[in-house]
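Asks: Predicted structure and sequence below. I'll ask about it afterward.
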Amino acid sequence: MVGALSLTLALATAPSGQSRPARIVSPSALRPHALKLLLNGKRWPLELLSGPDNYVGIPSGKLRVEARWQTDARGTGYYVQIATGEPLVRELARCSRGTSCVVPKTVPITKSQELTFTVKVVKTRGNKVVAGYRACLDGR
């Protein structure tokens, strides 16, 4: 059964009754993927969770935070989580359907404040992180 989850073979039948060759679907296409983070409507660069902290300057003020991805999360068994990683770990939003997730309240950042946002794809059963990225910000 685990092997069936890693690759899905789709055999389609043409209207004339002739079968087409099997098509291999990538496992990432079966769950939310191609994550993007938008801050105040602008796409922000993401880094792997395990990488170094590369802080990027951003004007201080209130941030509207949104994540977007490909593949509707509904019924996939995964959800997308937006959280802060520093200075305080806190979940801001969790979305299990659609292709976008908006944090309901703006997030303030002050001058000289360091703030990290994480965007993760998490398996619903067992809460296992299957993909995760972060953006490290420095208020200016």
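Replies: Okay, I see it.

Asks: Could you list every helix and strand in contact with the longest strand seen in the chain?
Replies: Criterion DSSP state E: the longest strand present in the chain is strand 128-139. Here strand 128-139 touches strand 33-39, strand 47-48, strand 56-58, strand 78-86, strand 114-123, going by 3 or more C-beta pairs under 8 Å, 6 or more residues apart in numbering; DSSP states H and E. All C-beta atoms are positioned from the backbone trio N, CA, C, and that covers glycine.

Asks: In CSV, list the C-alpha atoms belonging to it.
Replies: Listed next in CSV are the C-alpha coordinates belonging to strand 128-139 (Å, rounded to 0.1, in the frame of the first residue of the first chain):
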residue,chain,number,x,y,z
LYS,A,128,4.6,14.6,9.9
VAL,A,129,6.2,17.5,8.0
VAL,A,130,6.8,16.5,4.4
ALA,A,131,8.1,19.9,3.1
GLY,A,132,9.0,23.0,5.0
TYR,A,133,10.5,26.4,4.2
ARG,A,134,11.2,29.6,6.0
ALA,A,135,11.7,33.3,5.4
CYS,A,136,13.9,35.2,7.8
LEU,A,137,13.1,39.0,8.1
ASP,A,138,14.9,41.9,9.6
GLY,A,139,12.8,45.0,10.3
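
Asks: Tell me which strands it pairs with, and in which orientation.
Replies: strand 47-48 (antiparallel), strand 56-58 (parallel), strand 114-123 (antiparallel) (DSSP bridges).

Asks: Tell me which of these is the most buried.
Replies: Of all the strands paired with strand 128-139, strand 114-123 carries the top mean neighbour count, a mean of 20, counting by mean count of other C-beta atoms under 10 Å.

Asks: Fine by me, we can end here.
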